[in-house]
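Undergrad: Sharing a sequence plus its predicted fold:
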Amino acid sequence: MKLVWAYRVTPNPFIITSATRKANERLRGSIKLFSVLGIPVEINATWLIAFAIITWSLATTAYPSFFGYWSTVQYWIAGVVTTLLLFTSVLAHELGHSLVALSQGLKVRGITLLLFGGVSRIQGEASRPRNEFFVAFAGPAVSLIIGIGLMVWWVNFAPAYENQVKLIHGVVFFTGWMNILVAGFNLLPGYPMDGGRVLRSAVWGVTGDTGRATKVAYRVGRIVFYLLIGWGAWQILNGDIVGGIWVALIGWFLMSSARAEIGGREQAKRVTSDPGGLDHPMFDVERATRPMPPMIESSWSVEQISYQGLPANPMTSMPVAKEGELVGFILRSDLDGVPLEHKGEVTVEELMNPETLRVISKTNSVRDALRTMDRHSLSQLVVMDNDFVIGVVTREDIVEALMKFRVANGLPDGNLGDSDDDRPTSV
């Protein structure tokens, strides 16, 4: 049984392409568990499928094949514990990607545990080949360290005879061995897996051309994924139906994910390189401005706001007022991070950062707006007409308005609608 762990990159932080929208749809149904160093950790409903399949596989096949002196109950206990430890390893793997990305100035929107493993949602691009290598290799390195550490423990403390092997010995052995296998599997040169990103960084370093590096990694990845699908089919023909289907699905899923990310990069490139879009003299901030959403009082507790109803998207900005005057913005994710027992005590004012209140003139270019958002790590700006507030503008507002502006004015590359390809989240 293989798990695929990797990270997804949003090439440009203000571009919402059809690939990105469809990828995000695949992450719907996720529930936030907690945050680690400010990184939200979520679990997707599909994880339950993986949990059941892996536990069943371990309890009925793997453990009985290695340790024949245990009872059926012991096999199932070991299967459940090992699966939980395995997904804890998934989290550690993804944190490896995320923490290295943060150290390089990239943003991490969160980590999600999925059917085939996990994904770190990293926003932005590495600035140099070696930076991409470090981000890509960090995950497998963590898995390898965990695996080797547990196997060293097994070698030093495992009983000499099979009938003396206890649950803890078996769980340590399988958890360690599976971490080593997954580290190796994820380093296969199949973009957008970790190994594919390592290959991309190598080609980028040699050629200096990120576009060419991406194409090479994608083409090599297609070969790898076709081989995976073929291997899965061969397993099915040889009687391993569950294992074969699992491997074939991973191959298909990764191939679809690669197409999604390549498509997203191409669409983002078309948007940002279009001289008749962001820099068009008739396309200013006012065209993307929307009315100011209802404001919440800074004195309200998190519990009070919850009763008023919260937006579904955890990255949605909500304006905060103090005695009727706008003083800043707060994200729903900030509210979600407050422990349940403190929601009645913590106020919005305590969570809000006053630096989130930045303004821009309605006559400024949208590129100026995006640069201001990037400079101050903001999701929104308050739009002014002289001394009057006329609304708010977000990255998503700008992209949506840009697409409509292109279509209305017959500008090139105006059609950024969904393509025919299914584009799931890259893992």
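TA: Done, it's in. Numbering: from 1, shown residues only.
Undergrad: Okay, strands next: where are they in the stretch 51-200 of the chain?
TA: 107-114, 117-123 (DSSP state E, counting those that start in this stretch).
Undergrad: any weak-confidence spans in the chain?
TA: 1-29, 261-281, 312-315, 410-427 (pLDDT under 70).
Undergrad: run the last query once more with 50
TA: 1-27, 275, 413-427 (pLDDT under 50).
Undergrad: Of all residues in it, which one is nearest the centre?
TA: Centroid-nearest residue in the chain: Arg121, 2.2 Å away (criterion: Cα atoms, centre = their mean).
Undergrad: I'd assumed Leu106 was in contact with that residue.
TA: No: between Arg121 and Leu106 there is no contact under Cβ atoms under 8 Å: 10.8 Å. Just so you know, the C-beta spots here come from the backbone N, C-alpha and C atoms, and that holds for glycine as well.
Undergrad: that older thread, highest average neighbour count across the strands of the stretch 51-200 of the chain?
TA: For these, ranked by mean neighbour count under the definition mean count of other Cβ atoms under 10 Å, the leader is strand 117-123 at a mean of 25.
Undergrad: how distant is it from the center of its chain?
TA: 3 Å (Cα atoms, centre = their mean, to the nearest Å).
Undergrad: Number the residues from 22 up from this point.
TA: In the new numbering, first residue 22, that becomes strand 138-144.
Undergrad: Packing partners of that strand?
TA: In terms of contacts (3 or more Cβ pairs under 8 Å, 6 or more residues apart in numbering; DSSP states H and E), strand 138-144 is packed against strand 25-31, helix 93-124, strand 128-135.
Undergrad: measure stretch 115-131 end to end?
TA: 10 Å (Cα to Cα, to the nearest Å).
Undergrad: In it, which residues are buried?
TA: 115-123, 127, 129-131 (16 or more other Cβ atoms under 10 Å).
Undergrad: now that stretch: how far from the chain's centre is it?
TA: Distance, centroid of stretch 115-131 to centroid of chain: 10 Å (Cα atoms, centre = their mean).
Undergrad: same question, stretch 409-424
TA: Per Cα atoms, centre = their mean, the centroid offset for stretch 409-424 relative to its chain is 25 Å.
Undergrad: Check stretch 196-207 too.
TA: For stretch 196-207, the distance to the chain centre is 21 Å (Cα atoms, centre = their mean).
Undergrad: quick revisit: just give the nearest non-adjacent residue to the residue nearest to the centre of the chain, would you?
TA: Arg130 (4.2 Å; Cβ to Cβ, 6 or more residues apart in numbering).
Undergrad: And the strands in the stretch 322-448 of the chain, which stretches?
TA: With DSSP E, counting those that start in this stretch as the criterion, the stretch 322-448 of the chain has strands spanning 338-343, 346-352, 380-382, 401-406, 409-415.
Undergrad: May I see these organised as a markdown table, with mean neighbour count added?
TA: Shown next, in a markdown table, are those (neighbours: other Cβ atoms under 10 Å):
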| stretch | mean neighbour count |
| --- | --- |
| strand 338-343 | 19 |
| strand 346-352 | 19 |
| strand 380-382 | 15 |
| strand 401-406 | 21 |
| strand 409-415 | 18 |
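Undergrad: Out of the ones you listed, which is closest to Val192?
TA: Comparing the strands of the stretch 322-448 of the chain against Val192 with Cβ to Cβ, the closest turns out to be strand 346-352 (39.1 Å).
Undergrad: Could you chop the protein up by domain?
TA: 25-294, 306-430 (automatic domain parsing).
Undergrad: which of those sits most buried?
TA: Note that of the domains of the chain, domain 25-294 is the most buried (mean count of other Cβ under 10 Å), with a mean of 19.
Undergrad: and that domain, how far out from the chain's middle?
TA: Using Cα atoms, centre = their mean, the offset of domain 25-294 from its chain centre is 12 Å.
Undergrad: ok now do Val369, which residues does it touch?
TA: 317-323, 326, 341, 351 (Cβ atoms under 8 Å, 6 or more residues apart in numbering).
Undergrad: Helices - which of those residues land there?
TA: 323, 326 (DSSP state H).
Undergrad: circling back to that earlier point, generate TSV for the strands of the stretch 72-221 of the chain, with distance to Phe246 as supplementary columns.
TA: Shown next, in TSV, are those (distance: least, Cβ to Cβ, whole Å):
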stretch	distance to Phe246
strand 128-135	17
strand 138-144	15
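Undergrad: In space, what's closest to Ile52 - neighbours in sequence excluded?
TA: Ile64 (5.7 Å).
Undergrad: do you know how far the one you found is from Gly197?
TA: Remark: distance between Ile64 and Gly197 (Cβ to Cβ, to the nearest Å) = 24 Å.
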